[in-house]
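**Q** Dropping a prediction and its sequence here:
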Amino acid sequence: MQQTPTDPDAPAAAADVADIASSTTPETATEAQNAAPQIISDVTERIQVGAQSLSCYAVNFISKLGLPIWLEPIVSGAFLFICLAILSFLIFFIIRPFVVGIFSKIVSRTEAQWDDKLVKYGIAKWLSHFISALLINFLIRPFFDDTPEIRDTLEIVAKVYLVLSGLFTVNSFLNAARSIYSEAKPPRHRVPATSLTQVLKLVAFIVAAIFLISTLIGKSPVAFLGGLGVFTSVIMLVFKDAILGFVAGIQLTSNDMIKEGDWIEMPKHGADGDVLEVGLTTVKVLNFDKTVTTIPTYAMISESFKNWRTMPESGGRRIKRSIYIDSQTIQLCDGAMLDRFREIDLISDYVDERLGEINDWNEKRGFDPDASPINGRQLTNIGTYRAYILAYLRNSPFIHQSGMTLLVRQLAPGATGVPIEIYCFSNITNWTRYEEIQSDIFDHLMAVAEEFELRLFQNPTSINSDTTVQMYGLHHTAISSDKVVKD
C-alpha cells in the first residue's frame, strides 16, 4: 500500500509508526500513546483518498478497454473487490504489529504487574482487529461509490466484523480486569468478581447481538429494541437462570454472605469445602475429597448453608465432644480416694476447698456422713473428674481462656452411659493442628479416668465378656449350665 502512486505520503506515515514502535522508552510512553491516534487518523485519511483515486482510475481504465457496457460494472467491481481484499490484508498486517508491538513495549517498560494481564488476555490482538475493521469500513464507500449494491453488501460484512472484534475486545478486557482484581486482594477480602464480569459479558453480548441483527436486517437498533417488547416473555424464559443468579449475586455481595475461599457446608447439594468461584448462575465448591460441586447461585439465597469464614477470623475453633462413663462405676469418695486426689496438682486445692465447704454445710445441719454415706453432702468421683477436666483445660496453652465459652458439663444419662461433655475453643484453627490438639486432650482424659475409679462405657466385646456376664448376674447361671452338661 505504501508504494502506490496514489498515496505518496504513506511511507512517511509508516516510518512514523516504526519509529514510535522501536524507540519507545519510559519517558516517551505517554508521547507515543498521544501520537498513536493522530497517526492512525492521518493514515486513515490518506488511505481513503488513495482508495477513491484508485477507484476512479480503475473505472476509467476499464471503460477504455472496449468491453460491453453491461460487462464494465462487473469487471470494475471484481477488480475493486480484489484490490479491497489485498488492501484489507495489508492494513491488518500493518496495524496488528504496530498495536501489539507498542502495547507490549509500554507494558514491558513498567514495573507494575497488572498491565501484564492486558497482554496475557490478548487485548492488543483484538484491539488491532477492531482498528482494522474501522479502517476497512472507511475504505468501502470510496471504493464502491459507483456500485451501491456491492457497497451495501460489503458494508454489512465489515460492520459485522467490527461488532464481533469489538465484542471480543470487551471480553478480553473483562477477563483481564477480573484477573487483576482477583490477584490484587486476598480471597477473603474481595467481593465475587466473576459474577459481575459475567453480567457485563452478558450485557455486551446482548448489545452486540442487537447491533448484528439490526445491521443484517437494515433497521435501526432503536427500532429493533422497540420490537423486543413482544418477546419479553420468551427472553425472561431463556434468561431465567441468569436473572435469578444476577439478583442472588447482588444479595450475596451486599450482605457479604459468601466469598471465594470461604469454607461452606450445604448437605442438600453434597457440598463441604472451599468456594472456588461465585458465578452468575453457579457457585463452584471444591470439596475436601477434591471433587467439585456446582450449586445454582439462587439456591444460596433460597436455601440454608453454613459458612465457616468467621471461625478462622475469630481465632478459635470449637471442640465439642463427650466422654461416656459407665454409670456403675460412679461412687462417693472415701478417705483413701480423697487422699489420692490431694496428690494431683491440678485439683489438690479444689479438693481441700470443696471438703471444707461440705464439712461446714454438714456441721450446720447436724449430718454425720460417717454414720451413713447418704447423710449430708459428699464428693463423688465423677464430680471430681469433671473438676479435673476443667482444671486441665484451663491450664492448656492451646485453649482459649477468655472471650470464648469453656465448660465441662454432665448430660442426661442414656443407653451409652453418663456423658461428660467438653465444650471449649482451641486457639489454633488450622485443621491438622486442631485435630492433633483435640486428640491429645481426649487421649489424656480417657487414660486418667481409671485414676478416679471410673470406667469408660463401651459395648461388650470378647475381652470384657466375663465382666459383662457378672454385671448382669449371669455368671452363676453359666456355671450351673456347664455342670449340667458335664453330668
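**A** Everything's here; your move.
**Q** Can you give the distance from stretch 429-444 to the centre of its chain?
**A** 29 Å (C-alpha atoms, centre = their mean, to the nearest Å).
**Q** can you list the residues that contact it?
**A** 311-312, 315-317, 319, 321, 323, 392-393, 396, 398, 422, 426, 428 (C-beta atoms under 8 Å, 6 or more residues apart in numbering). For glycine as for every other residue, the C-beta is placed from the backbone atoms N, C-alpha and C.
**Q** can you pull out the strands in the stretch 351-487 of the chain?
**A** 407-410, 418-426 (DSSP state E, counting those that start in this stretch).
**Q** Could you look over those strands and pick the most buried one?
**A** Sort the strands of the stretch 351-487 of the chain by mean neighbour count, taking mean count of other C-beta atoms under 10 Å, and strand 418-426 sits at the top with a mean of 20.
**Q** Would you agree R178 is in contact with T194?
**A** Yes - using C-beta atoms under 8 Å, R178 is in contact with T194, at 6.5 Å.
**Q** any idea how far A415 lies from D326?
**A** Distance of A415 to D326, given as C-beta to C-beta, to the nearest Å: 12 Å.
**Q** Compare neighbour counts for those two and give me the winner.
**A** Taking other C-beta atoms under 10 Å, A415 and D326 do not tie; D326 has more neighbours (16 against 6).
**Q** so where is the chain shaky, pLDDT-wise?
**A** 1-45, 47-74, 76-77, 80, 143, 145-147, 184-193, 223-233, 371, 461-487 (pLDDT under 70).
**Q** quick one on the thing from earlier: turn the strands of the stretch 351-487 of the chain into CSV, columns for distance to P373.
**A** Below are these laid out as CSV (distance: least, C-beta to C-beta, whole Å):
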stretch, distance to P373
strand 407-410, 21
strand 418-426, 20
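**Q** For R96, which of these is the nearest?
**A** strand 418-426 (59.2 Å; C-beta to C-beta).
**Q** just to revisit the earlier point, just the buried subset of the contacts of stretch 429-444, please.
**A** Neighbour-count burial (16 or more other C-beta atoms under 10 Å) applied to those gives 316-317, 319, 323, 392-393, 396, 398, 422, 426, 428.
**Q** just those residues now: which is nearest P148?
**A** Distance to P148 across the buried ones among the contacts of stretch 429-444 (C-beta to C-beta) is lowest for R317, with 76.0 Å.
**Q** Break this protein into its domains for me.
**A** Split into domains by automatic domain parsing, the chain comes to 10-184, 188-200+219-313, 314-465.
**Q** Could you dump these into TSV and include distance to L212?
**A** Shown next, in TSV, are the domains of the chain (distance: least, C-beta to C-beta, whole Å):
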stretch	distance to L212
domain 10-184	6
domain 188-200+219-313	10
domain 314-465	51
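**Q** wait, F398 sits on I428?
**A** Yes - using C-beta under 8 Å, F398 is in contact with I428, at 6.2 Å.
**Q** residues touching Y350, list them.
**A** With contacts defined as C-beta under 8 Å, 6+ apart, Y350 is in contact with 384, 387, 391.
**Q** Next step: the residues you listed restricted to helices.
**A** For the contacts of Y350, membership in helices holds for 384, 387, 391, with DSSP state H as the criterion.
**Q** For the last one, which non-adjacent residue is spatially closest?
**A** Yep, that's A391 we're talking about. Leaving aside its sequence neighbours, A391 sits nearest to L346 (C-beta to C-beta, 6 or more residues apart in numbering; 4.1 Å).
**Q** Can you report how many residues neighbour that neighbour?
**A** L346 has 14 nearby residues by other C-beta under 10 Å.
**Q** What distance do you get for it to L406?
**A** 15 Å.
**Q** now do T416
**A** Per C-beta to C-beta, T416 is found 25 Å from L406.
**Q** for F442, same thing?
**A** Applying C-beta to C-beta to F442 and L406 gives a distance of 16 Å.
**Q** Just want to know which of the two has more residues nearby.
**A** Neighbours per residue (other C-beta under 10 Å) separate F442 from L406, with L406 holding more: 18 against 15.
**Q** From H400, how far out is the more buried one?
**A** According to C-beta to C-beta, L406 stands 7 Å off from H400.
**Q** got it, and R321?
**A** Taking C-beta to C-beta, one finds R321 at 16 Å from H400.
**Q** Quickly list what's touching both of L406 and H400.
**A** Joint contacts of L406 and H400 (C-beta under 8 Å, 6+ apart) are 424-425.
**Q** how about the helix or strand harbouring S179: buried residues?
**A** Using DSSP states H and E, the element containing S179 is helix 148-184. Neighbour-count burial for helix 148-184, counted by 16+ other C-beta under 10 Å, picks out 150-151, 154-155, 158-182.
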